[in-house]
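1. Could you look at this predicted model? Sequence included:
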Amino acid sequence: MARSTRRPTQPTTPADHHPAGTHHRTSPPLPRQAQAHRVRHRRPTRPVRHRHRGAAMVAFAGGVMTANWLTSTYELVPVGFGMTAAAGTAAAGYTLLARDWVHEVVGRRAVLACIAAGAVLSAVLAAPALALASAAAFAVSELADLLVYQPLRRRGFLLAVLASNAVGAPLDTVVFLTLAGFPVWSALPGQMWVKAWVTLIPVAAVLAAHALLRHRLRPDRP
């Protein structure tokens with residue numbers, strides 16, 4: 001009887017099917033997987049984002065209403081250096097920043113809705129003619145902002161804000177003064193002066209806060 005030359009089979013283990021030391025390893029996540037992982041961990045912050053949306057829209061619509069009420073009540077006021085401006089110019093300058101905030105957290109449709117809401121409130125609290133002038137001015141400014149803010153947003157929020165306000169503020173001012181019946185060329189320098197520092201002060205504050213945070217979060221060098 002011929003003796004079998006077949007060797008007895010040995011029980012296999014999971015390690016036999018993997019190279020040494022690679023059984024428990026996993027491949028690094030792909031960029032999309034990493035992004036999905038980060039998104040999953042950001043889900044608890046959605047209620048905060050919704051609160052930001054509401055606050056941005058209230059700030060914008062309320063700023064439009066406040067600017068129109070101040071202008072309707074006090075009309076032109078001195079702003080220094082022999083210049084005059086509409087009483088609500090400072091509030092209008094802050095409203096332009098609030099508009100960019102709405103752009104950031106909600107979108108363009110919300111901006112148009114806030115302009116309409118602010119015009120309605122202004123017609124009730126101020127004067128219908130002034131509310132119409134304000135709505136037309138913000139609409140024209142919004143069209144200018146469409147050509148400036150969106151293309152520059154990828155380069156940074158602050159750059160987009162400064163550029164959009166530099167383009168939108170003069171157009172907004174000329175349209176508003178013309179439709180509201182104020183002297184355009186005598187009030188234009190004061191309007192631009194007030195809107196300039198109203199825009200620059202918050203931007204400077206944001207830049208200072210960012211610089212302070214980077215300084216605190218920077219690891220100590222030996």
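-> That came through, no problem. Numbers count the residues shown, from 1 in each chain.

2. how about the strands in the chain?
-> Along the chain, counting by DSSP state E, strands occupy 76-80, 83-86.

3. do you know which of the ones you listed lies nearest R214?
-> strand 76-80 (35.0 Å; Cβ to Cβ). Where you see a C-beta, it was placed from the backbone N, CA and C, and this is true even at glycine.

4. quick one: that closest one to chain centroid distance?
-> Taking Cα atoms, centre = their mean, to the nearest Å, one finds the center of strand 76-80 at 30 Å from the center of the full chain.

5. Report the strands that pair with it, each with its relative direction.
-> Applying DSSP bridges, strand 76-80 is found paired with strand 83-86 (antiparallel).

6. and the partner strand, what's its mean pLDDT?
-> For strand 83-86, mean pLDDT is 94.

7. try stretch 67-80
-> For stretch 67-80, the mean pLDDT works out to 92.

8. Stretch 114-128 now?
-> On average, stretch 114-128 scores 83.

9. One more: stretch 198-215?
-> Here stretch 198-215 scores 77 as its mean pLDDT.

10. Where is the longest helix in the protein?
-> helix 184-217 (DSSP state H).

11. ok, back up a step: of the strands of the chain, which approaches S141 most closely?
-> Smallest distance to S141 across the strands of the chain (Cβ to Cβ): 15.0 Å, for strand 83-86.

12. quick one: contacts of the closest one?
-> 70-71, 75-79, 92, 176-177, 180, 182, 186-187, 189-191, 193-194 (Cβ atoms under 8 Å, 6 or more residues apart in numbering).

13. Can you point out the buried residues in the longest helix of the chain?
-> Neighbour counts using 16 or more other Cβ atoms under 10 Å place 187-188, 190-195, 198-199, 203 of helix 184-217 among the buried residues.

14. okay, among the residues you listed, which ones form the most distant pair?
-> Largest pairwise distance in these, by Cβ to Cβ, is 24.3 Å, between A187 and V203.

15. Do you have the helices of this structure handy? List them.
-> In the chain, the helices defined using DSSP H lie at 31-42, 46-74, 89-105, 108-125, 128-152, 157-180, 184-217.

16. What number of neighbouring residues does L146 come out with?
-> Residues near L146, counting by other Cβ atoms under 10 Å, number 15.

17. residues touching it, list them.
-> Per Cβ under 8 Å, 6+ apart, neighbours of L146: R108.

18. what pLDDT does it get?
-> So, for L146, pLDDT stands at 72.

19. What's the separation between it and T89?
-> Shown here: L146 relative to T89, a distance of 23 Å by Cβ to Cβ, to the nearest Å.

20. try A209
-> Applying Cβ to Cβ to A209 and T89 gives a distance of 26 Å.

21. Touching stretch 87-96 from outside, list them.
-> By Cβ under 8 Å, 6+ apart, stretch 87-96 touches 60, 63-64, 66-71, 73-77, 79, 86, 138, 141, 164-165, 168-169, 172, 176, 190-191, 194-195, 198-199, 202.
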